[in-house]
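Novice: compute the structure for the input listed below.
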Amino acid sequence: MRAVLFDLDDTLFDHRHCARAALLGVRATHTCFERYDPADMEASHARILEELHLDVLAGRRNLDAARVERFKRLYSWAGVDADPDLASRAARTYREGYLRARTEVRGARALLATVGQHARVVVVSNNLLDEQQEKLRECRLAEHVHALVVSEEAGVSKPDPRIFQIALDRAGVTAGEAVMVGDSWTNDIEGARAAGIRAVWFSRNGEPSPDPAVATLYGLVPAEDALRTILDADRETVTRREPASALRR
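Specialist: Got it, this is the predicted structure:
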């Protein structure tokens with residue numbers, strides 16, 4: 001094993017935590033959301049974000065316009081016809097809260113440092129380059145990353161096998177010398193396997209792998225145990241379940 005490829009959002013960088021914290025800030029300043037369950041609001045926001053994120057990656061919208069449109073749609077979900085000013089203020093509140101909350105997934109930095117003693121570390125992400133570089137710097141992950149491949153600059157997105165080949169080329173390894181770790185079954189696991197790369201599914205919610213032939217990682221701590229699962233990914237079935245306390249934030 002000469003290279004380990006990692007997804008970034010919700011594998012190394014805790015996007016879910018940041019989004020949840022930012023939405024709580026929006027709820028506190030925009031009272032129309034208070035009658036809705038926070039989990040329902042979070043799910044609706046995640047769905048809208050994913051829809052608009054595809055537009056941003058395809059160049060159909062710029063990032064700022066997508067953020068305003070996201071909250072216009074979220075207000076619509078809450079039964080409010082938001083004008084551009086209201087949607088912009090909500091987007092600004094969310095962004096400020098998101099930036100304040102930025103953090104790694106627990107154990108990510110230590111794991112990258114440990115992996116780096118054995119193999120090259122490459123991050124492969126569907127997003128904008130500046131955004132992902134900033135996350136890596138802010139969470140002190142960048143110093144452990146040998147190469148960053150982001151769909152914006154690569155011109156292709158996961159699960160397309162071509163973005164994984166770009167990652168392999170930058171690491172100077174073949175598919176058989178690498179393993180991919182990520183939380184998205186479609187983008188990370190199926191995409192990597194289509195490129196001939198072994199994969200480890202990061203299941204933060206404790207769900208079993210849809211395919212028992214794919215190794216499952218339930219947490220990033222302790223780093224030595226997580227590394228063992230990653231390096232053993234070529235075995236037919238490898239699973240490691242964290243204690244319940246490790247799954248709670």
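Novice: distance from the helix or strand where residue 92 lies to the middle of the chain?
Specialist: Using DSSP states H and E, residue 92 falls within helix 84-101. How far helix 84-101 lies from its chain's middle: 20 Å, per C-alpha atoms, centre = their mean, to the nearest Å.
Novice: ok, stretch 169-181 next?
Specialist: Per C-alpha atoms, centre = their mean, the displacement of stretch 169-181 from the mean C-alpha position of its chain is 20 Å.
Novice: measure it end to end?
Specialist: End-to-end distance for stretch 169-181, by C-alpha to C-alpha, to the nearest Å: 17 Å.
Novice: ok, residues contacting that stretch?
Specialist: With contact meaning C-beta atoms under 8 Å, 6 or more residues apart in numbering, stretch 169-181 is reached by 1-7, 11, 120, 122, 124, 146-147, 149, 164, 167-168, 188-189, 191-192, 195-200, 202, 217, 230-231, 233-234. C-beta: built from backbone N, CA, C; applies to glycine.
Novice: please list only the buried members of those.
Specialist: 1, 3-7, 11, 120, 122, 124, 146-147, 149, 164, 167-168, 188-189, 191-192, 195, 197-200, 202, 217, 230-231, 233 (16 or more other C-beta atoms under 10 Å).
Novice: low-scoring stretches of the chain, by residue?
Specialist: Where the chain drops to pLDDT under 70, the residues are 234-249.
Novice: which of the three states applies to residue 117?
Specialist: At residue 117 the chain is in coil, as set by DSSP: H, G, I helix; E, B strand; the rest coil.
Novice: returning to that earlier point: now, the buried ones among the contacts of stretch 169-181 that are in helices?
Specialist: 164, 167-168, 191-192, 230-231 (DSSP state H).
Novice: now for those: which two are most distant?
Specialist: Pairwise distances across these peak at 20.8 Å for 191 and 231 (criterion: C-beta to C-beta).
Novice: show me the strands in the protein, by range?
Specialist: Under the criterion DSSP state E, the chain contains strands at 3-6, 120-125, 147-150, 178-182, 198-202, 215-217, 239-240.
Novice: please name the strands paired to the third one in the sheet, noting orientation.
Specialist: I take that to be strand 147-150. Paired neighbours of strand 147-150 in the sheet (DSSP bridges): strand 120-125 (parallel).
Novice: angle of the strand it pairs with against strand 178-182?
Specialist: Interaxial angle, strand 120-125 versus strand 178-182 (axes from the mean of the first three to the mean of the last three C-alpha atoms, to 10 degrees): 40 degrees.
Novice: quick one: end-to-end length of stretch 143-152, please.
Specialist: Start-to-end, stretch 143-152 (C-alpha to C-alpha) is 22 Å.
Novice: buried residues, it. List them.
Specialist: 144-152.
Novice: what do you get for stretch 12-25?
Specialist: Going by 16+ other C-beta under 10 Å, stretch 12-25 has these buried residues: 12-23, 25.
Novice: what of stretch 176-188?
Specialist: Buried-residue list, stretch 176-188, by 16+ other C-beta under 10 Å: 177-185, 187-188.
Novice: which among these gets closest to residue 221?
Specialist: For the buried residues of stretch 176-188, the minimum distance to residue 221 (C-beta to C-beta) is 14.3 Å, reached by residue 181.
Novice: quick one: the closest one from residue 189, how far?
Specialist: Separation of residue 181 from residue 189 (C-beta to C-beta, to the nearest Å): 10 Å.
Novice: and if you look at residue 228?
Specialist: As judged by C-beta to C-beta, residue 228 and residue 189 stand 19 Å apart.
Novice: quick one: the buried residues of stretch 12-25 as a markdown table, columns for distance to residue 128 too.
Specialist: Shown next, in a markdown table, are those (distance: C-beta to C-beta, whole Å):
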| residue | distance to residue 128 |
| --- | --- |
| 12 | 17 |
| 13 | 14 |
| 14 | 18 |
| 15 | 14 |
| 16 | 19 |
| 17 | 20 |
| 18 | 16 |
| 19 | 16 |
| 20 | 21 |
| 21 | 21 |
| 22 | 18 |
| 23 | 21 |
| 25 | 23 |
